[in-house]
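>>> sequence and predicted structure are below.
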Amino acid sequence: MTRSPVLSPETGGLTLVALEDNSQFGKPPDSDADYVTPGFVERAVERLCRRVPGMDAGSLKTAYSGCDGITPDQRAILDQAGPDGFYVACGFSGPDSS
């Protein structure tokens, strides 16, 4: 798994940053994921500033933490489910998502 941040330009001169940090795979989707682990913001800022020159002049606007739509084995599910002709395609957040 990569530990590098994913960056995307946003409106208003903002940059959206996505970063995993000590992800806990296999937790139930209804488990409490509405918190950031201690030191996460500091680690994220340090990695981001190391990777993108000039980011150290920025500031943090908001943060969000939550569950990612990933299967426990990190492999997407593509299969028939339910009535004939009904298929699911989900869990595209793991190493096979590209």
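Alright, I've got the coordinates.

>>> where do the helices sit along this protein?
40-51 (DSSP state H).

>>> any idea which residue of it is furthest from its center?
Most distant from the centre of the chain: Asp84, at 33.3 Å, with distances by Cα atoms, centre = their mean.

>>> contacts only, for that one.
Under the criterion of Cβ atoms under 8 Å, 6 or more residues apart in numbering, Asp84 has no neighbours. Where you see a C-beta, it was placed from the backbone N, CA and C, and this is true even at glycine.

>>> any idea how far it is from Thr71?
Distance, Asp84 to Thr71, using Cβ to Cβ, to the nearest Å: 24 Å.

>>> what's the domain layout of this protein?
6-67, 69-98 (automatic domain parsing).

>>> show me where pLDDT drops low in this structure?
1-4, 21-35, 67-68, 93-98 (pLDDT under 70).

>>> rerun at 90
1-10, 12-77, 81-84, 89-98 (pLDDT under 90).

>>> strands along this structure, start to end?
All strands of the chain, identified by DSSP state E, fall at 6-9, 15-18, 77-80, 87-90.

>>> got these as CSV, with mean neighbour count and distance to Lys61 columns?
Listed next are these as CSV, based on neighbours: other Cβ atoms under 10 Å; distance: least, Cβ to Cβ, whole Å:
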stretch, mean neighbour count, distance to Lys61
strand 6-9, 10, 14
strand 15-18, 14, 10
strand 77-80, 11, 34
strand 87-90, 11, 30
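
>>> need these in CSV (columns: distance to Val41).
Shown next, in CSV, are the strands of the chain (distance: least, Cβ to Cβ, whole Å):
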stretch, distance to Val41
strand 6-9, 16
strand 15-18, 11
strand 77-80, 33
strand 87-90, 30
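
>>> just tell me which of the ones you listed ends up closest to Tyr64.
Closest of these to Tyr64 is strand 15-18, at 9.6 Å (criterion: Cβ to Cβ).
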